[in-house]
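[1] build me a structure from this.
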Amino acid sequence: MIEKEKIISFIENRLTKNRFIHSLNVAKVAVELAKIYNIDIYNAEVAALLHDNAKSLNNEELMYYVDKYNIKLDDVDLFSPQILHSYVGAYLAKDNFDIDEDIFNAIYNHTVGRKNMSMLEKIIFIADIIEEGRNFNGVEELRELAFKDINKAIIMSCEKTIEYVISKGLLLHLNTIELRNYLIMGETNEKNI
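    Below you'll find the model as predicted:
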């Protein structure tokens, strides 16, 4: 087990004060969600604390690590550098700490998601969006929903993200669309059984 103090020191030295506080807030929510959805609390806390560890890197530094780790990027990734911190952060976490594949994937996929996410991935994805420092229209409803039905909360989050990205004239990531559709199809299949 990794000592929590080492992780906290690692992220505190790498992040701005606001991003460090955000990471602590995400960890707090992730632990609460882990208890509700019956997954390992330690893994949820570690993944949450480390999820943004590469957030303060500039585009040149991010691309250095993309090359170093041979991270495959699609066209949307190349035109959306704000996404890259999640990919790079997963590899940096793996290099600096003994994390398992589920924690790695939770960090890697926390920004745009993917279809068929593990429960840990879902928790980090939604905890990042609903932590107490977030303030946007609909966040309270999302917070409440996340503790009742995480899949519905993620669907709603994807829809809000898609609306925001379109309003800013940015590119939609196919992973976010696939995640939304995958969860909706899963709900439809459950209703038809």
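[2] pLDDT weak spots in this protein?
    188-193 (pLDDT under 70).
[3] which parts of the chain are helices?
    4-14, 17-36, 41-50, 59-68, 75-78, 81-96, 101-108, 119-130, 139-146, 150-167, 174-192 (DSSP state H).
[4] for Asp95, give its distance to Ala54.
    Distance of Asp95 to Ala54, computed by C-beta to C-beta, to the nearest Å: 11 Å. All C-beta atoms are positioned from the backbone trio N, CA, C, and that covers glycine.
[5] please identify which of the two sits among more neighbours.
    Using other C-beta atoms under 10 Å as the criterion, Asp95 and Ala54 rank with Ala54 on top: 23 against 11.
[6] dead centre of the chain: give me the residue that sits there.
    Residue closest to the average C-alpha location in the chain (C-alpha atoms, centre = their mean): His110, at 1.8 Å.
[7] for that one, what are its contacts?
    Counting by C-beta atoms under 8 Å, 6 or more residues apart in numbering, His110 touches 51, 86, 121, 124-125, 128.
[8] dump the residues you listed to JSON lines, plus distance to Lys4.
    Formatted as JSON lines, the contacts of His110 follow (distance: C-beta to C-beta, whole Å):
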{"residue": "His51", "distance to Lys4": "15"}
{"residue": "Ser86", "distance to Lys4": "21"}
{"residue": "Glu121", "distance to Lys4": "21"}
{"residue": "Ile124", "distance to Lys4": "16"}
{"residue": "Phe125", "distance to Lys4": "22"}
{"residue": "Asp128", "distance to Lys4": "19"}
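[9] tell me the one of those residues nearest Asn25?
    Proximity of those to Asn25 (C-beta to C-beta) peaks at Asp128, which lies at 9.4 Å.
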